[in-house]
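Enquirer: this one's sequence-less:
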Ligand code: FNR
């Protein structure tokens, strides 16, 4: 089974995006193994720390490099993507010449109580991903307008139409990884 590292761009215990990630995990079932990265334990990016890298950083890079794909599930923060997500992306991309993201197939999903469902935040994120060497899945786009009760804390989806749509997203991501994914060493981009 292929492994994907999962970056949830919210540290909130009741995060709707964490619930969405769990729903996608359940839909991927026996096809993908989800390895949830803990973005909350990473220090703020600081070049000085490479002199003696914290365990959270070396662990992050090891798990990225072992994975065949990357899934980002994110809220929108002030029409952009969350700072915790940028911090993790920055750590994974360094030190220079050891970019752990290079060549990784990646998909994005996002949920918000707002009507635009993270579309603006995802557009911001998508603008930087090719420069980091990600192989970005363009379709389907998941901008979930998260009504109360849509997904519970176990990732159970209350609505058949949403379940069907998210199943299609997972199906495409499985194919995307099959086509583009292979573990590879970190390298410069
Ligand atoms: C938000 N929220 C938000 N929502 C949105 O649709 N567009 C936005 O630009 C913003 N901006 C924003 C900034 C900050 C700092 C916070 C904390 C929140 C609301 C956000 O979508 C809502 O809190 C979600 O529930 C966050 O997702 P999680 O944390 O529940 O996964």
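Expert: Nice, thanks for sending it over. Predicted model only: the values in this text are computed from it and were never measured. Residues are numbered from 1 along each chain as shown.
Enquirer: where exactly do the helices run in the protein?
Expert: With DSSP state H as the criterion, the chain has helices at 16-28, 55-66, 83-92, 119-128, 160-180.
Enquirer: and the second one, how far from the chain's centre?
Expert: Once both centres are worked out by CA atoms, centre = their mean, to the nearest Å, helix 55-66 turns out to sit 15 Å from its chain's centre.
Enquirer: got the contact list for that helix?
Expert: The contact list for helix 55-66, computed with CB atoms under 8 Å, 6 or more residues apart in numbering, reads 3, 5, 35, 37-38, 41-43, 49, 70, 88, 91-92, 98, 100-101, 104, 183-186. (Each C-beta comes from the backbone N, C-alpha and C, glycine too.)
Enquirer: how far does stretch 6-22 sit from the chain's center?
Expert: The answer for stretch 6-22 is 10 Å, by CA atoms, centre = their mean.
Enquirer: quickly check: that stretch near the ligand or not.
Expert: Yes: using CB under 6 Å from any ligand atom, stretch 6-22 comes into contact with the ligand via 10, 12, 15, 16, 17.
Enquirer: state the pLDDT value of the residue most central in space within the chain.
Expert: The residue lying closest to the centre of the chain (CA atoms, centre = their mean) is residue 72, at 1.6 Å. pLDDT for residue 72: 98.
Enquirer: any idea how far residue 55 is from it?
Expert: 23 Å (CB to CB, to the nearest Å).
Enquirer: what's near enough to touch residue 118?
Expert: So residue 118 contacts 74, 75, 76, 110, 111, 112, 143, 144 (CB under 8 Å, 6+ apart).
Enquirer: okay, and which of those map to strands?
Expert: 74, 110, 111, 112, 143, 144 (DSSP state E).
Enquirer: just the buried residues of those residues.
Expert: Buried members of the ones in strands among the contacts of residue 118, counted by 16 or more other CB atoms under 10 Å: 74, 110, 111, 112, 143, 144.
Enquirer: find the nearest non-adjacent residue to the second one, please.
Expert: Right, the one you point to is residue 110. Counting by CB to CB, 6 or more residues apart in numbering, residue 110 lies nearest to residue 118, which is 3.1 Å off, once chain neighbours are set aside.
Enquirer: swap in the fifth one?
Expert: Closest residue to residue 143 in three dimensions, ignoring its sequence neighbours and counting by CB to CB, 6+ apart: residue 117, at 3.4 Å.
Enquirer: that neighbour: how many residues sit nearby?
Expert: 20 (other CB atoms under 10 Å).
Enquirer: residue 87 too?
Expert: Neighbour number of residue 87 under other CB under 10 Å is 15.
Enquirer: quick one: residues contacting it.
Expert: 39, 42, 44, 45.
Enquirer: any idea how far residue 6 is from the residue lying farthest from the centre of the chain?
Expert: Distance from the centre of the chain peaks at residue 51, with 27.6 Å (CA atoms, centre = their mean). Separation of residue 51 from residue 6 (CB to CB): 30 Å.
Enquirer: per-residue pLDDT of residue 139, please?
Expert: 96.
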